[in-house]
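[1] this one's sequence-less:
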Ligand code: NAP
């Protein structure tokens, strides 16, 4: 896929990995449709992308877990640009906690249904809705392209992240399913599983906790957002990559 002029949709693009992916794709002169909960929060990304060389940037406020929002937003993007060639399902949240926590034989806490459901709604249902609706528009507009789901090293099962790990395993599987189902329409799908990357999410941890994590990574450092963005670029540009998950984690294994 030639990225120049391609229309790429990115969810959760106002900061962190989404913003880094947008800026990198901007240097390839893409046309970008940036989605986040709040359109104002996307203005800085839009300015940075235009400065980096994006041919066009539009911003859209949508909650990826709400079917109405997603259907309308993908329709609007298709109407605004007349094409969709790529989607990066990047928006994600965490609500960590042990499934059950006991002290001296007594139950002190548990992962609540709210904690479970909030993460399922955004990280799994959101990816399903955005992928389905983006693919619908791509097929209607006869656009070949690729959907990338952002999974995580936690998909292998991380203690304290029952909800998050389940969603990240789920979105990897969705990429495999879509690669098979959408190949007939010229649409590829793949996943990326980052390890610990230096975004706000990770940098807001206590420095001691961060250092402890970094020490367990064979590469002895956190990853940089641009290292995930480079992987996005590689997947989009290589038409034979489909149905697979690329781990970018400095060799860390959970
Ligand atoms: P981040 O800094 O927290 O950014 C996530 C973005 O998604 C935020 O802009 C957030 O908006 C937006 N968002 C949250 N819920 C949304 C919703 N319902 N609808 C639309 N947008 C929503 O996270 P990040 O570190 O860049 O991570 C990006 C992705 O990579 C996530 O899927 C995460 O699970 C995955 N990942 C990250 C790491 C890491 O080390 N950073 C590692 C593995 C995987 P608000 O700002 O308004 O909340």
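    That came in fine, so what should we check first? Here the structure is a predicted model, which means the values were calculated and not measured.
[2] the helices in the stretch 151-254 of the chain, which residues?
    In the stretch 151-254 of the chain, the helices defined using DSSP state H, counting those that start in this stretch lie at 162-182, 200-203, 207-216, 225-237.
[3] and of those helices, who's closest to residue 86?
    helix 225-237 (5.8 Å; C-beta to C-beta). In short, each C-beta sits where N, CA and C put it, glycine included.
[4] counting contacts, what elements does the closest one pack onto?
    Under the contact criterion of 3 or more C-beta pairs under 8 Å, 6 or more residues apart in numbering; DSSP states H and E, helix 225-237 touches helix 16-27, strand 145-150, strand 187-194, strand 245-248.
[5] tell me the most buried of those?
    By mean neighbour count, with neighbours taken as mean count of other C-beta atoms under 10 Å, strand 145-150 ranks first of the helices and strands packed on helix 225-237 at a mean of 27.
[6] Tell me the strands beside that strand, with direction?
    Within its sheet, strand 145-150 is paired with strand 86-89 (parallel), strand 187-194 (parallel), according to DSSP bridges.
[7] List of residues touching that strand?
    By C-beta atoms under 8 Å, 6 or more residues apart in numbering, the surrounding residues in contact with strand 145-150 are 1, 6, 17, 84-90, 92, 127, 131, 134-135, 138, 171-172, 174-175, 178, 182, 186-192, 194, 228, 232, 235-236, 242.
[8] Between the helices and strands packed on helix 225-237, which one is closest to the ligand.
    helix 16-27 (2.1 Å; C-beta to the nearest ligand atom).
[9] So residue 118, which state does it fall into?
    helix (DSSP: H, G, I helix; E, B strand; the rest coil).
[10] my guess is it meets residue 93, correct?
    Yes. Counting by C-beta atoms under 8 Å, residue 118 touches residue 93, with 6.7 Å between them.
[11] can you list the residues of the stretch 1-150 of the chain near the ligand?
    Listed as neighbours of the ligand in the stretch 1-150 of the chain under the rule C-beta under 6 Å from any ligand atom: 11-12, 14-18, 36-38, 41, 63-65, 90-93, 122, 126, 150.
[12] re the thing from before, format the strands paired with strand 145-150 as JSON lines; extra columns: mean pLDDT.
    Converted to JSON lines, the strands paired with strand 145-150 look like this (pLDDT from 0 to 100):
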{"stretch": "strand 86-89", "mean pLDDT": "99"}
{"stretch": "strand 187-194", "mean pLDDT": "99"}
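[13] For residue 211, the count of nearby residues, please.
    For residue 211, the count of nearby residues is 10 (other C-beta atoms under 10 Å).
[14] ah, wrong one, I meant residue 239
    12.
[15] can you tell me how far it sits from residue 146?
    8 Å (C-beta to C-beta, to the nearest Å).
[16] list residues touching both of the two?
    In contact with both residue 239 and residue 146: 1, 188, using C-beta under 8 Å, 6+ apart.
[17] filter the contacts of strand 145-150 to the buried ones?
    Buried by 16 or more other C-beta atoms under 10 Å: 6, 17, 84-90, 92, 127, 131, 134-135, 138, 171-172, 174-175, 178, 182, 187-192, 194, 228, 232, 235-236, 242, out of the contacts of strand 145-150.
[18] Can the lowest-mean-pLDDT helix or strand in the chain be said to contact the ligand?
    Across the helices and strands of the chain, mean confidence by mean pLDDT, DSSP states H and E is lowest for helix 200-203: a mean of 83. Yes. Contact of helix 200-203 with the ligand (C-beta under 6 Å from any ligand atom) involves 200-202.
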